[in-house]
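Participant: coordinates only, sequence not included:
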């Protein structure tokens, strides 16, 4: 890097500095009173730059695209420190006694902690103008050392804007390349994306955009809008780059216990720039799905259209900028409706046969993002941004549910951010005010009763014995939900650089968010028919069961909780010497959930589980105390133990980062999913009632009771259903849902150790080991017990859970508590070759070996096979693969052509199977079986390719171009089946479900200026 003469601007007004300092100290003072302890990189959505220079008094960092400037003083020992800079391209202006000199341009990545040292300026040589560009008279060129990155104990990867723009993908989800980080899995079955890491499920992930977490407190999959959606969390055109951290993030990261992803949005610049694109694929551009190819099905008509554009530029040059983008998605995906249990269509009466055949699933998404960037002074930066997302469609999958019985899809999300960053000689204060509103609201398309046609008996097709096998579902859907969150937060982060060799950052956040859960499933009653009884016809008139939702009169099914969240942290990046850097920090989080804390157990439930009415759970040996789950509103308190020490280090074994030893330890707390804990209220207010009918069918018989009555045609009407409720008594057959009064918060402990080396300024390698232990995951257990208090039947009978022994007048007791746990030991090797103008190609390759265990099948939270979670045998994780290799890269050719590709290969997954032993001890054991996978050599393989051709339009301007592009997704047409027989691991030959699409060609075109 070289330096040349230049000029700089004066500092901003002193009053603004004093005002910002007062605000920062008042807001963050409480945080600074905590002890110092955590791994650290740069601030969540920014970068940092520091180093040493001799012969200079101050340094100014100038963002090339906008002209935004930051100035710091060089200390007496020659060190300088920019604690917080926006990712982007910069030049430095260095003030010396002889004038101001400017460096060449360089780039800072998001969350990069960069070090750049300069040689002694005083001994630099004067060179002629022919060597130094842009000056008048002779200039001074000074050589700088190369930029080094200090990552502390973090394990992760940076995903650059070039990778986002060039690598092949079919869904325009910017997170699709997160799996380039060690131990991170990105899956996209049926277009529904999710991210996993650390042997934990996707709800433990958090994504931070411009430093603001997008956490979903109500639903699964980590961030808002990603539960049961084919949509994208954010417009890809608005994302500049992002960093994925697999483990050992620093103290400012909250509400996450597995993968943390921090992304920065684009801003306008001093030049107007815009882009537009359209992506398209349809039926003729894809191979047959396995079901179409091997199941004799006709190719379903499909279409996938994605389009959008972005525009940014100056409003006031060097001062005020705008940026806006829109992306739309219109998808029609193949779905085949076919009879269940391999029955032929000809088995059904003619009026039903029209329900079967190939059709489409519809999905529409509109994504908007806008941003204003304002620098009123050289010390202040103000950003205002907003996002709007809307999705509609139909939840329809291949199977035996007719299109009319599918639910409609509705996702609506709004977010806003006001950010004020103030800088001074010794501190940076970053204030954020945010607003969020995100709701997920599936509804029936038709508000009419549904019919489920089943078969019990010997199959005339396969000869197998079938028990209530679903052949077809028609009518109205049972799915009726409205779940989401709405609120605002105030956050302040204060960074102090006034102490030599220390960068101390403290922050505090307070958030007020309303959580909503409305679930009135079976709002449309569902009637079940055994089609082969009475014999001699296709029964459509006499159901053997009805399920419908009904209010209990206790509270409301709409659960609303006005939560308060509070978090505080402090961290210190301490440069001990020129080789050792310590990253020390601690954070503490607290949350109040009034719907849980203030809940009063209904009197009829208390009476129903009393010793007089249900003595089963009061027998000796029962593994839980029902009183731990009953509350009068005073037994519960919010969890206060969420202290999270985080420690990281890096030690340079060789200078200039050519060999660095790194490591770290940290604890991270997540959240209990509101959708689970709110069921205690909603199930007691509105629950699914199940009534069976005595019809003379010996295969669907029941003991006469208030919930097992002779069939009467009136029960097909609303009047009849009310009669059923009236006859069922006070409990009405509803289930009982209870939560432990001492509910803990799930957490993970993370440890990492490794070596990384910058072989050159653009080539890096890393090897590492990490151990992640997660504990206190939430799950539901069965609280029923047999009359003698036992859970399993005694030998020699076949063991089973005591579902048939419920409290009189009620359904089963379901109790929620903590106890899910996972452990992961992983080794990784990572190679990164970065793109440079002189070496125009890039490559990232990450291999991860994972040995992970779990005490419950991955992603399963209703645990009814054992009396406690401690009874589950710890076995190999069913959610991870032991071996995984992910490679991605691109190259620019002299013809204006860019070739890119992504390759993934992984070993087969595992299944946890239950083996029941007659008279054995224990009566049920859990075993692990490896799935057959996709052949003998791998369990998953996918190769994606893309070629882009740029066409310059220099007759308009040097920066104007159009491009055409072709993506081939799954170029080898691998069929990565995902349905296996749990007892053997063999592929389920009756299922053609796969992870990923068949070979698909996607064509794109666009323009840029």
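Facilitator: Nice, I can see it. Predicted, not measured: the structure shown is a model, and the values here were computed from it.
Participant: what segments of the stretch 551-700 of the chain are helices?
Facilitator: With helices called from DSSP state H, counting those that start in this stretch, the stretch 551-700 of the chain shows them at 594-597, 603-608, 674-677, 679-685.
Participant: can I get those in TSV with mean neighbour count?
Facilitator: For glycine as for every other residue, the C-beta is placed from the backbone atoms N, C-alpha and C. Below are the helices of the stretch 551-700 of the chain laid out as TSV (neighbours: other Cβ atoms under 10 Å):
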stretch	mean neighbour count
helix 594-597	18
helix 603-608	17
helix 674-677	22
helix 679-685	22
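Participant: worst mean pLDDT among these?
Facilitator: Comparing mean pLDDT across the helices of the stretch 551-700 of the chain, the weakest is helix 679-685, with a mean of 88.
Participant: output the contacting helices and strands for that helix.
Facilitator: Here helix 679-685 touches strand 502-519, strand 558-575, strand 736-739, strand 813-833, going by 3 or more Cβ pairs under 8 Å, 6 or more residues apart in numbering; DSSP states H and E.
Participant: following element in sequence after the shortest one, please.
Facilitator: To tie it back to what came earlier, the one meant is strand 736-739. Using DSSP states H and E, the helix or strand that follows strand 736-739 towards the C-terminus is strand 747-758.
Participant: now the following helix or strand past that next one against strand 813-833, angle please.
Facilitator: Heading C-terminal from strand 747-758, the first helix or strand you meet, by DSSP H and E, is strand 763-782. Strand 763-782 runs at 170 degrees relative to strand 813-833, counting by axes from the mean of the first three to the mean of the last three Cα atoms, to 10 degrees.
Participant: which residue ranges of the stretch 551-700 of the chain form strands?
Facilitator: Using DSSP state E, counting those that start in this stretch, the strands found in the stretch 551-700 of the chain span residues 558-575, 580-592, 643-654, 659-669, 686-694.
Participant: look up how far residue 186 lies from the residue nearest in space to the middle of the chain.
Facilitator: In the chain, the residue lying closest to the centroid (Cα atoms, centre = their mean) is residue 222, at 3.7 Å. Remark: distance between residue 222 and residue 186 (Cβ to Cβ, to the nearest Å) = 12 Å.
Participant: which neighbours do the two have in common?
Facilitator: 194, 195 (Cβ atoms under 8 Å, 6 or more residues apart in numbering).
Participant: nearest spatial neighbour of the residue nearest to the centre of the chain, skipping sequence neighbours?
Facilitator: Distances taken as Cβ to Cβ, 6 or more residues apart in numbering place residue 205 nearest to residue 222, at 3.5 Å, with adjacent residues excluded.
Participant: what about the one you found, how many residues close to it?
Facilitator: Burial measure for residue 205: 30 neighbouring residues, criterion other Cβ atoms under 10 Å.
Participant: CSV for the helices and strands packed on helix 679-685, including mean pLDDT?
Facilitator: Formatted as CSV, those follow (pLDDT from 0 to 100):
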stretch, mean pLDDT
strand 502-519, 95
strand 558-575, 95
strand 736-739, 94
strand 813-833, 96
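Participant: wait, isn't residue 237 in contact with residue 328?
Facilitator: No. The pair residue 237 / residue 328 is not scored as a contact, 11.5 Å apart, by Cβ atoms under 8 Å.
Participant: what touches both of the two?
Facilitator: Shared contacts of residue 237 and residue 328, defined by Cβ under 8 Å, 6+ apart, are found at residue 308.
Participant: okay, buried residues for stretch 97-114 please.
Facilitator: For stretch 97-114, a neighbour-count test (16 or more other Cβ atoms under 10 Å) marks 100-103, 106-114 as buried.
Participant: same check, this time on stretch 369-385
Facilitator: For stretch 369-385, a neighbour-count test (16+ other Cβ under 10 Å) marks 369-375, 377-383, 385 as buried.
Participant: now stretch 455-464
Facilitator: Neighbour counts over stretch 455-464 (16+ other Cβ under 10 Å) mark 455, 456 as buried.
Participant: cool, and stretch 930-947?
Facilitator: Going by neighbour count (16+ other Cβ under 10 Å), the buried part of stretch 930-947 is 930-934, 938-947.
Participant: same question, stretch 75-85
Facilitator: Neighbour counts using 16+ other Cβ under 10 Å place 79, 80, 81, 82, 83, 84, 85 of stretch 75-85 among the buried residues.
Participant: same check, this time on stretch 703-711
Facilitator: Neighbour counts over stretch 703-711 (16+ other Cβ under 10 Å) mark 706, 707, 708, 709, 711 as buried.
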